[in-house]
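Participant: Here's a sequence, model it:
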Amino acid sequence: MTTGARVLLTVIIGFATVVATSVGVTAAAIYRSGMISVEVEGAGGAQYDVDLPAGLINVALDLIPTDLTDEALEAGGLPVEVEAIFPCVRAAWRALEKSPDFVLAEVKSADGWVLVEKTGRLLHVRIESDGQRVNVKVPLKTLRKLLG
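Facilitator: Below you'll find the predicted structure:
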């Protein structure tokens with residue numbers, strides 16, 4: 001094998017290694033962060049499914065400048081009463097993440113049904129009403145990030 005062929009083969013193998021590593025790291029990050037899933041089934045049979053890597057939301061939340069969120073809060077973003085209970089909400093959320101699977105709320109009426117449950121590492125919300133159904137699954141880590 002000539003020197004030029006060896007160099008070319010080395011470059012190709014190096015490029016393939018970089019691509020394979022990038023794909024593996026991306027797949028691991030998506031798996032670790034989980035998926036946000038929204039499924040909607042309309043009364044007329046229309047069905048919409050959206051699956052979004054939760055890591056994208058986590059990155060987007062990290063990109064929001066903190067001075068913008070502080071300005072929004074100072075401009076009347078959250079009522080004082082809500083700000084006062086936020087530490088309790090965060091503590092409750094940490095406890096929720098550590099707890100076993102359970103149903104947080106279930107409401108049944110003649111018009112429909114709502115179920116909110118913790119299943120594994122997800123918060124799962126199911127709504128059925130007038131022949132329409134909505135299923136939303138969100139990783140608990142993403143919701144924790146929203147709480148700050």
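Participant: hey, which helix or strand in this protein has the poorest pLDDT?
Facilitator: helix 66-74 (a mean of 58; mean pLDDT, DSSP states H and E).
Participant: Which parts of the protein are helices?
Facilitator: When assigned using DSSP state H, the helices of the chain occupy the ranges 3-33, 54-63, 66-74, 80-98, 140-147.
Participant: for the second one, which positions count as buried?
Facilitator: Spelled out, it's helix 54-63. The neighbour-count check on helix 54-63 (16 or more other Cβ atoms under 10 Å) flags 54-55, 57-58 as buried. No exception for glycine: its C-beta is placed from N, CA and C like everyone else's.
Participant: on that earlier part again, deepest of the helices of the chain, which one?
Facilitator: helix 140-147 (a mean of 16; mean count of other Cβ atoms under 10 Å).
Participant: rewinding a little: need the helices of the chain in CSV (columns: distance to residue 128).
Facilitator: CSV is the format used below for the helices of the chain (distance: least, Cβ to Cβ, whole Å):
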stretch, distance to residue 128
helix 3-33, 29
helix 54-63, 25
helix 66-74, 35
helix 80-98, 24
helix 140-147, 23
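Participant: The ones you listed: lowest mean pLDDT?
Facilitator: Lowest mean pLDDT of the helices of the chain: helix 66-74, a mean of 58.
Participant: picking up where we left off before, from the buried residues of helix 54-63, which single one is nearest residue 47?
Facilitator: residue 54 (22.3 Å; Cβ to Cβ).
Participant: Break this structure down into its domains, please.
Facilitator: 1-33, 34-147 (automatic domain parsing).
Participant: Show the end-to-end separation of the last one, please.
Facilitator: Between the start and the finish of domain 34-147 there is a gap of 18 Å, counting by Cα to Cα, to the nearest Å.
Participant: Please tell me how far the spatially most central residue of the chain sits from residue 132.
Facilitator: Closest to where the C-alpha atoms of the chain average out (Cα atoms, centre = their mean) is residue 54, at 3.4 Å. Per Cβ to Cβ, to the nearest Å, residue 54 is found 25 Å from residue 132.
Participant: coming back round to it: pretty sure the residue nearest to the centre of the chain sits against residue 34.
Facilitator: Yes. Residue 54 is within contact range of residue 34, at 4.7 Å (criterion: Cβ atoms under 8 Å).
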